[in-house]
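Trainee: Let's see this in three dimensions:
(chains A, B, C and D)
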There are 2 protein chains.
Amino acid sequence: MNEIGKLRAADAARPRAETRIQREKQEVILAAALDVFAQHGFRGATIDQIAEAAGMSKPNLLYYFARKEDIHKQLLARLLTTWLAPLHELNAAGDPISELRSYIRKKLEMARDFPRESRLFANEMLQGAPHAIDVLEGELKALVDDKAGVLLRWMDEGRLNRTDPYHLIFSIWATTQHYADFDVQVRAVLGPERGGEGRFEDAARYLEHLFMDGLRPKAR
Amino acid sequence: MNEIGKLRAADAARPRAETRIQREKQEVILAAALDVFAQHGFRGATIDQIAEAAGMSKPNLLYYFARKEDIHKQLLARLLTTWLAPLHELNAAGDPISELRSYIRKKLEMARDFPRESRLFANEMLQGAPHAIDVLEGELKALVDDKAGVLLRWMDEGRLNRTDPYHLIFSIWATTQHYADFDVQVRAVLGPERGGEGRFEDAARYLEHLFMDGLRPKAR
DNA sequence: CTAACGTTTTTCCAACTGGTCAAATTTCCC
DNA sequence: GGGAAATTTGACCAGTTGGAAAAACGTTAG
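Mentor: Coordinates of the predicted model:
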């Protein structure tokens, strides 16, 4: 009888050397699970669904991930690191306006290129972050605290309008992720003509304008 | 044997006169279902869960709503009308800046006062709007087309900075609903001190500033 | 080539799922 | 207070769910 599966589950701290097949199949499973979890949430997704999307039988899938939760956990862990990367790159030594512009652009590109990851995260938030609350209160909060400090310094120096740095970051998250999470709505409202691929460029132009200058015409 | 349940399911066009108990229990069920659907999505929610939250047995609940989908449908239908009301109220004859300010405020209040409704809607969007796509492409698109026209006229008159009116509306939706849908994240990042009830006032102040004036300091 | 290990399939299970049905109980109107 | 209608309950069902076990099949290093 094989022990690898159980070892990996019980003893993740000392992972066994992985075979080629293990690496490949695990990727296939995670890719399939991303689709299913992103659309139906954790409870709404079934192992059968994931297995079928991954092109294998349920017991075969369970050979690689002993339980459904393990797949979800790993997906979430991967996501969170790549998700936070753009904010990490916000450079205190750079120019405030172009740093923010760049951050907004990167986040919008992530919404465009990794919409399933965004929806997976959104699902986790809607459920009250049962699997991610620790990261939110720990790593994420620390990072945002740090960057909020940077923003605040920029504001003190008069290089950015004075406002709430936390809510500023929230508003960037909200506006960019909206294009992944509410994609159906965006497409439906824009209609067939404007709802095509160009919508991300339109969004980028609009968001830049909004965040830089707002909507009120300058008095003259 | 009783027929009301089946009649109501089969012949919703000509509803029977409702008894007091029917009205009351249906409300209790819908309130309970709102909680459960908002947290777990349609597939992730179970009738047992809803029944328990409503304080009744499953067969008893099924006496009032013959199928799970019926509860969800009704919840969604109610939601959509109240959800669109604030945008309806955007008045073409008013002052652009105060109209927008007022719209943003109302949407933020809805996120604060009806977070479960917001999450129910978000869940539906994440799943690709299987039950709401018609409304999105019909009623909602028509309304947004109309109001986008108003915004465009305001821009033509120089009373609003020229920008994309559709994405403007999206950004208002995104930034306000964020405080309902991503509430856990907002609280976690703000921490115990700043994450209390005051967060909505802070958000209101910030969003007003963002939408009105943006972040770039005025050249002087 | 073959034995050990890795992988896949088949079979199975207990718990849960949405939903039915008839009997028991309660409510309401006369 | 009695009877009809409305409501609630308990027992039940077929299909699905997450998961276990072990046998059958592949792969690969010596």
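Trainee: okay, A:Gly195: pLDDT?
Mentor: Among the per-residue scores, A:Gly195 shows a pLDDT of 88.
Trainee: scratch that, A:Val28
Mentor: 95.
Trainee: Sketch out the low-pLDDT regions of chain A for me.
Mentor: Counting by pLDDT under 70, chain A contains low-confidence residues at A:1-21, A:219-220.
Trainee: quick check: domain ranges of it?
Mentor: Domain assignment of chain A by automatic domain parsing yields the ranges A:4-66, A:75-213.
Trainee: Chain A against DNA strand D: which residues are in contact?
Mentor: Contacts of chain A with DNA strand D, taken as C-beta under 7 Å from any atom of the strand, map to A:1-2, A:20, A:45-49, A:58-59, A:62, A:66-69. C-beta: built from backbone N, CA, C; applies to glycine.
Trainee: Which helix or which strand is home to the residue most central in space within chain A?
Mentor: Geometric centre of chain A, nearest residue: A:Ser118, 4.1 Å, by C-alpha atoms, centre = their mean. Taking DSSP states H and E as the criterion, the element that holds A:Ser118 is helix A:115-126.
Trainee: Report all helices and strands that that helix contacts.
Mentor: Contacts of helix A:115-126 with other secondary structure elements, assessed using 3 or more C-beta pairs under 8 Å, 6 or more residues apart in numbering or on different chains; DSSP states H and E, are made with helix A:20-44, helix A:68-88, helix A:96-113, helix A:165-181, helix B:20-44, helix B:115-126, helix B:165-181, helix B:183-194.
Trainee: So for A:Gly128, which of those sits nearest?
Mentor: Using C-beta to C-beta as the criterion, the shortest distance between A:Gly128 and these is 5.4 Å, found for helix B:183-194.
Trainee: just checking, what packs against the closest one?
Mentor: Contacts of helix B:183-194 with other secondary structure elements, assessed using 3+ C-beta pairs under 8 Å, 6+ apart, are made with helix A:115-126, helix A:141-156, helix A:165-181, helix B:199-213.
Trainee: Out of those, flag the one nearest B:Leu34.
Mentor: Sorting the helices and strands packed on helix B:183-194 by C-beta to C-beta, the top spot, which is the nearest, belongs to helix A:115-126 at 13.1 Å.
Trainee: Please enumerate residues in contact with the closest one?
Mentor: Around helix A:115-126, the neighbours that count as contacts under C-beta atoms under 8 Å, 6 or more residues apart in numbering or on different chains are A:34-35, A:37-39, A:41-42, A:75-76, A:79, A:82-83, A:110-111, A:130-132, A:177, A:180-181, A:183, B:38-39, B:41, B:119, B:122-123, B:126, B:181-185.
Trainee: Now do stretch A:161-173: everything it contacts.
Mentor: Contacts of stretch A:161-173 from elsewhere in the structure, counted by C-beta under 8 Å, 6+ apart, are A:87, A:100, A:103-104, A:107, A:144, A:147-149, A:151-152, A:155, A:211, B:175, B:178-179, B:182, B:186, B:189-190, B:194, B:202-203, B:205-207, B:209-210, B:213-217.
Trainee: sorry, back to before: just the buried members of the contacts of helix A:115-126?
Mentor: When the contacts of helix A:115-126 are checked for burial by 16 or more other C-beta atoms under 10 Å in any protein chain shown, the buried set is A:34-35, A:37-39, A:41-42, A:75-76, A:79, A:83, A:110-111, A:131-132, A:177, A:180-181, A:183, B:38-39, B:41, B:119, B:122-123, B:126, B:181-185.
Trainee: Going by neighbour count, list what's buried in stretch A:91-111.
Mentor: Judged by neighbour count (16+ other C-beta under 10 Å), stretch A:91-111 contains these buried residues: A:96-97, A:99-104, A:106-108, A:110-111.
Trainee: ignore the last one, stretch A:190-203
Mentor: The neighbour-count check on stretch A:190-203 (16+ other C-beta under 10 Å) flags A:Leu190, A:Arg199, A:Phe200, A:Ala203 as buried.
Trainee: Can I get these in TSV including distance to A:Gln26?
Mentor: Supplementary listing: the buried residues of stretch A:190-203 in TSV, determined by distance: C-beta to C-beta, whole Å:
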residue	distance to A:Gln26
A:Leu190	38
A:Arg199	34
A:Phe200	31
A:Ala203	34
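Trainee: ok, those residues vs A:Arg159, which is closest?
Mentor: Proximity of these to A:Arg159 (C-beta to C-beta) peaks at A:Ala203, which lies at 25.6 Å.
Trainee: re the thing from before, okay, the angle between the helix holding A:Ser118 and helix B:183-194?
Mentor: What separates the directions of helix A:115-126 and helix B:183-194 is an angle of 50 degrees, with axes from the mean of the first three to the mean of the last three C-alpha atoms, to 10 degrees.
Trainee: Between helix A:96-113 and helix A:115-126, find me the angle.
Mentor: Going by the same axes, to 10 degrees, helix A:115-126 makes 100 degrees with helix A:96-113.
Trainee: gap between the closest residue to A:Arg205 other than its chain neighbours and DNA strand D?
Mentor: In this structure, A:Arg205 finds its nearest non-sequential neighbour in B:Asp164, 7.0 Å apart by C-beta to C-beta, 6 or more residues apart in numbering or on different chains. When distances are taken as C-beta to the nearest atom of the strand, to the nearest Å, B:Asp164 and DNA strand D turn out to be 42 Å apart.
Trainee: Need phi/psi at B:Asp164.
Mentor: Main-chain dihedrals, B:Asp164, degrees, to the nearest 10: phi -80, psi 110.
Trainee: number of nearby residues for it?
Mentor: The tally of other residues near B:Asp164 (other C-beta atoms under 10 Å in any protein chain shown) stands at 22.
Trainee: What of the one 5 residues further on?
Mentor: As a burial measure, the neighbour count of B:Ile169 was computed by other C-beta under 10 Å and equals 19.
Trainee: Contact partners for the residue nearest to the residue nearest to the centre of chain A when sequence neighbours are not counted?
Mentor: Nearest residue to A:Ser118, sequence neighbours excluded (C-beta to C-beta, 6+ apart): A:Ala180, at 3.6 Å. When contacts are counted by C-beta under 8 Å, 6+ apart, A:Ala180 is found next to A:Met110, A:Ala111, A:Arg112, A:Phe114, A:Pro115, A:Ser118, A:Arg119, A:Ala122.
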